[in-house]
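Enquirer: sequence and predicted structure, then a few things I'm wondering about:
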Amino acid sequence: MASTQSYQKVTLTSDDVPGAKINLDDLNNYGNVQLKRWLECRGLKTGGNKSDLVQRCKDAVKAGKSEEIDIAIDGGKWCDVKAAKTKKDPSLSLQLLIPPVLGWKPFPSRQIPANFNYGHIYHYLLESVVMEGENGQTEDTHLGHLTSKPLTKGQQYAKSGSVSNIMDNERNHHYFVKAKVAASMRNEERIVQVTLSCLNGAVRDASCTCPGSALGRCNHVAAVLLTVDKHCKEFGHDQLACTSKQCEWGKGQKTKKNPGKITDASYTSYKPKHLKLTEFDPRPTDLRKANDVNMNSFSNNLKYDCVSTGKTSMWHTLIKYTYADYEISPEHRGILKSQAWDFFNNIKQECCLSEKDVFMIPNTESQSESIEWKASRWFRITASTAKRANTLGNLLKSPLTDASLRKFQAYISSTVWNISSFMYTSPDMLYGIENEDKARDDYCKLMATKVPDFKVEKTGF
């Protein structure tokens, strides 16, 4: 049976598709978003950097393709829009409506406008800025080409999943979308509302609660529009099928349970649990946990025992001293400063045993094996640490940084507190310690043949 349906030939021009018209004499002043959109409208490649895009646009102009618009742009929706203009019902009003208060449902609960596509988003954000004149009429100022930042930032919001709680509604041939968008630098959420036309899919109005949405074209509005467009590309414009919705009937009572791994789940049983011998603690319940005071006391006792007996224990490496996070009052701070200066003066008097002559501190002949040697050496700058101390002293002339503070802490840990992790005994050092006395005797015998009555005395610090 032959068809008697009449067909209408539709030819798209640069005025019909958003982003298809730019100033070809000033291509370098356009961003990558505008150049890619112009090439996409003509079915050309959109990859490469800006220089490649500009050259590709110039080649298209030379080839005479600047006026050829691809009818498949945005899924052929612009052909449908242009064809529908002749069949448009004049009785339908396109006046902007206030978003409804009732009837909002989780997105997508209704039919998304069939002709809604990326071109409508591009036109609304980058090409059309509607201003109202003194006579009450609106006019398109075409100021949107000044920046493509809202579209670029909106794509980042959409990809990062910042858009949430999307709701939709429909009334009087208008489709409404409401969503929340996470703010970029604050712990806040922006509420965005968008109005789409059910007739041609155009973006009629948008608003946002952010300070930069005076024209309704901020980054958050772009994020919501791009999220809806992404859904249309992946799942189509139809509303969610009933078979895809979560079952809402025959459910049991909702309980407040947090889902988790099956390995972490625990189930109560009426049978008594058998306690393993390795997990049995014979102490009373109130003594099974040790507080910080008892642990610190035990750690100090271990240290004192090591000093008194001369035997080292590895327990102090496992049991750490816990310091309380407390605040020091100004009065207590003054007392601590006074005690610190008293300690410094005592050390200063100990250091100044002789100001002119070379002297040896008594009872330090055995050096590292002597407690007196360690007690007299830790607060002094010796020959082995003089260069390092001088370098750190020069750092005090400039403002302190985190790196310089770490250097001071490392120096104090290794030389004063003697807890550096770099202190070790190599095989050569161990050989020298074990054969030091033999080497001294051999040296005395050698020098006695050359210098009569030659002696070597072992001195301390």
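Expert: Yep, that arrived.

Enquirer: all contacts plus neighbour counts: C-alpha atoms, from now on.
Expert: Noted.

Enquirer: now V163. Nearest residue, chain neighbours left out?
Expert: V181 (4.6 Å; C-alpha to C-alpha, 6 or more residues apart in numbering).

Enquirer: wait, doesn't the one you found sit right on I166?
Expert: No. Using C-alpha atoms under 8 Å, V181 is not in contact with I166; the gap is 9.5 Å.

Enquirer: of these two, who's got more company?
Expert: Taking neighbours as other C-alpha atoms under 10 Å, V181 and I166 compare with V181 leading, 24 against 20.

Enquirer: who's in contact with the more buried one?
Expert: V181 makes contacts with 157, 162-164, 189-192, 220, 223-224, as judged by C-alpha atoms under 8 Å, 6 or more residues apart in numbering.

Enquirer: select from these the one having the most neighbours.
Expert: Neighbour-wise, the contacts of V181 (other C-alpha under 10 Å) top out at H220, 36 neighbours.

Enquirer: mind checking how far that residue is from L392?
Expert: With distances taken as C-alpha to C-alpha, to the nearest Å, H220 is found 52 Å from L392.

Enquirer: do the same with D305
Expert: Distance from D305 to L392, counting by C-alpha to C-alpha: 36 Å.

Enquirer: I112 too?
Expert: 70 Å.

Enquirer: which residues of this structure fall in helices?
Expert: Residue ranges of the helices in the chain, as given by DSSP state H, are 32-40, 50-62, 77-85, 118-122, 149-159, 219-235, 292-309, 315-318, 330-351, 371-377, 386-395, 402-411, 427-434, 436-448.

Enquirer: measure how far the longest one is from the centre of its chain, please.
Expert: Just to be clear, that refers to helix 330-351. Distance of helix 330-351 from its chain centroid, counting by C-alpha atoms, centre = their mean, to the nearest Å, is 45 Å.

Enquirer: send the alpha carbons of it over as PDB?
Expert: Output of helix 330-351 as PDB, limited to C-alpha atoms (Å, rounded to 0.1, in the frame of the first residue of the first chain):
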ATOM      1  CA  PRO A 330      51.100  31.700  82.500                       C
ATOM      2  CA  GLU A 331      52.200  31.200  86.200                       C
ATOM      3  CA  HIS A 332      53.300  27.700  85.600                       C
ATOM      4  CA  ARG A 333      55.100  28.700  82.400                       C
ATOM      5  CA  GLY A 334      57.100  31.300  84.400                       C
ATOM      6  CA  ILE A 335      58.100  28.700  86.900                       C
ATOM      7  CA  LEU A 336      59.300  26.300  84.200                       C
ATOM      8  CA  LYS A 337      61.400  29.100  82.600                       C
ATOM      9  CA  SER A 338      63.000  29.900  85.900                       C
ATOM     10  CA  GLN A 339      63.900  26.200  86.400                       C
ATOM     11  CA  ALA A 340      65.300  26.000  82.900                       C
ATOM     12  CA  TRP A 341      67.600  28.900  83.500                       C
ATOM     13  CA  ASP A 342      68.700  27.500  86.800                       C
ATOM     14  CA  PHE A 343      69.600  24.200  85.100                       C
ATOM     15  CA  PHE A 344      71.500  26.100  82.400                       C
ATOM     16  CA  ASN A 345      73.500  28.100  85.000                       C
ATOM     17  CA  ASN A 346      74.400  24.800  86.800                       C
ATOM     18  CA  ILE A 347      75.600  23.300  83.500                       C
ATOM     19  CA  LYS A 348      77.500  26.500  82.800                       C
ATOM     20  CA  GLN A 349      79.400  26.300  86.100                       C
ATOM     21  CA  GLU A 350      80.200  22.700  85.400                       C
ATOM     22  CA  CYS A 351      81.600  23.600  82.000                       C
END
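
Enquirer: which other residues reach that helix?
Expert: Residues from elsewhere that reach helix 330-351 (C-alpha under 8 Å, 6+ apart): none.

Enquirer: what pLDDT, on average, does it get?
Expert: For helix 330-351, mean pLDDT is 80.

Enquirer: again with the last one
Expert: When the per-residue pLDDT values of helix 436-448 are averaged, the result is 85.

Enquirer: on that earlier part again, who's more crowded, I112 and L392?
Expert: Neighbour totals were compared for I112 and L392, and I112 leads with 28 against 16 (other C-alpha under 10 Å).

Enquirer: mind listing what the more buried one touches?
Expert: Contacts for I112 (C-alpha under 8 Å, 6+ apart) come out as 175, 198, 237-239.

Enquirer: farthest-separated two in the residues you listed?
Expert: Distances among the contacts of I112 were taken as C-alpha to C-alpha; the most separated pair is C198 and Q239, at 13.9 Å.

Enquirer: so for those two, which sits in the more crowded spot?
Expert: Neighbour comparison, C198 and Q239: the larger count goes to C198, with 22 against 13 (by other C-alpha under 10 Å).

Enquirer: rank the helices of the chain by pLDDT, which is bottom?
Expert: When these are ranked by mean pLDDT, helix 77-85 comes last with a mean of 68.

Enquirer: quick revisit: from the contacts of V181, which is closest to V61?
Expert: The closest of the contacts of V181, once distances to V61 are taken by C-alpha to C-alpha, is A223, at 33.1 Å.

Enquirer: pull the distance from stretch 296-308 to the chain's centre.
Expert: Distance of stretch 296-308 from its chain centroid, counting by C-alpha atoms, centre = their mean, is 44 Å.

Enquirer: for the stretch 151-300 of the chain, which spans come out with low pLDDT?
Expert: By pLDDT under 70, the low-scoring segments of the stretch 151-300 of the chain are 185-186, 214, 239-257, 269-270.

Enquirer: before we move on, back to that, so can I have TSV of the contacts of V181 showing distance to H123?
Expert: Converted to TSV, the contacts of V181 look like this (distance: C-alpha to C-alpha, whole Å):
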residue	distance to H123
Y157	19
S162	23
V163	21
S164	24
E189	26
R190	23
I191	22
V192	19
H220	16
A223	15
V224	15
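
Enquirer: which of these lies closest to V203?
Expert: V224 (11.8 Å).

Enquirer: ok, now how distant is that closest one from S164?
Expert: Between V224 and S164 the computed distance is 9 Å (C-alpha to C-alpha).

Enquirer: and what of K62?
Expert: K62 sits 46 Å away from S164, taking C-alpha to C-alpha as the criterion.

Enquirer: ok, N187 next?
Expert: Using C-alpha to C-alpha, N187 is found at 14 Å from S164.

Enquirer: which of the contacts of I112 lies closest to K276?
Expert: So of the contacts of I112, ranked by how close each gets to K276 (C-alpha to C-alpha), first place is Q239, at 57.9 Å.

Enquirer: how many neighbours does W341 have?
Expert: Counted with other C-alpha under 10 Å, residues neighbouring W341 total 11.

Enquirer: typo on my end, L277
Expert: 7.

Enquirer: going forward, the N-terminal residue is numbered 17.
Expert: With the count now opening at 17, the last piece we talked about shows up as L293.
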